[in-house]
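J.: Sharing a sequence plus its predicted fold:
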Amino acid sequence: MRTRDPAIFGEQILKGEEYIVAIDGPAGAGKGTVAKYLATYYRLKHLDTGLLYRLLGYKANEKNVPFDNLQALMHVAATLDFNDLQDPRLRDESVGNLASQISVFPEIRQFLTSMMRRFCQDIAPPYQGAVLDGRDIGTVVCPDAHLKLFVTADPKVRAQRRNHEMVAKGSAFEEQDSLSKINERDQRDQNRAAAPLVMAGDAHLIDTTNLSIEQACEQAGSLLEQVLPF
Ligand code: DC
């Protein structure tokens, strides 16, 4: 892991240009961990874009909005607030599934994409850029990002990681159950017509199947340093 002081390092990065890093990949591959690492070390604002889909799914479910009623879903979308993304309930696997279900609607995707782009336009010191992680950041949301990463891992390894997280949180889970949920989510995210999960042609692949968290972050940091102007 890097030993440089992020505060000092951050000073050197930007000369009036805001750096955008786009990270995409399937559930449980480690893209959030890599995004948080880059955000800390390179003073980037971080947006986990899955949380916007999760917040919409959560709120719609709370209000008993049927998931096939696009107009009602759009009304809920109009009430979303970035300040609500910290709610720990959004992290539940069940909410991830709701998010995946509503993410198939192009109108909803367009609306949330505008929110993400607004986030990128609102960068002020101490931040010197932004890192967004999700499914379509490099392909749709930020096609001109300075750096695009596609973080993936074998589904079995992703399911094992999810299990360890669940055990750490105190809930028991069947490994097979996690794997089938991961497979189901992969299927839906990769096969939907609107902005499916695909690797952008100019993205760098980081396969974390056999990497430690430190190794994955180190690879991402090295790739970012290659596009920085010093
Ligand atoms: O990254 P996550 O597991 O929190 O995302 C939840 C769901 O939201 C995911 O299964 C699909 C959807 N999503 C999306 O379609 N596009 C994004 N940029 C982020 C998430």
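T.: That came through, no problem.
J.: For this protein, what lies in contact range of the ligand?
T.: 27, 49-50, 53-54, 96, 99-100, 103, 134-137, 185, 189 (Cβ under 6 Å from any ligand atom). (C-beta placed from N, C-alpha, C; glycine too.)
J.: In strands, which of those residues appear?
T.: residue 134 (DSSP state E).
J.: Mark which of the residues of the chain next to the ligand are part of helices, please.
T.: 50, 53, 54, 96, 99, 100, 185, 189 (DSSP state H).
J.: Can you read off the pLDDT for the last one?
T.: Pointing back at residue 189 there. Each residue has a pLDDT score; the one for residue 189 is 89.
J.: can you check the first one too?
T.: The pLDDT attached to residue 50 in the predicted structure is 97.
J.: Quick check: the closest residue to residue 35 other than its chain neighbours vs residue 214, distance?
T.: Using Cβ to Cβ, 6 or more residues apart in numbering and skipping residues adjacent in sequence, the residue nearest residue 35 is residue 133, 4.2 Å away. According to Cβ to Cβ, to the nearest Å, residue 133 stands 18 Å off from residue 214.
J.: Have a look at this protein and report the helix or strand with the lowest mean pLDDT.
T.: helix 6-13 (a mean of 44; mean pLDDT, DSSP states H and E).
J.: Tell me which strands the helix or strand following that one pairs with, and in which orientation.
T.: Going down the chain from helix 6-13, the next helix or strand is strand 19-24, by DSSP states H and E. Using DSSP bridges, the strands paired with strand 19-24 in its sheet are strand 129-134 (parallel), strand 147-152 (parallel).
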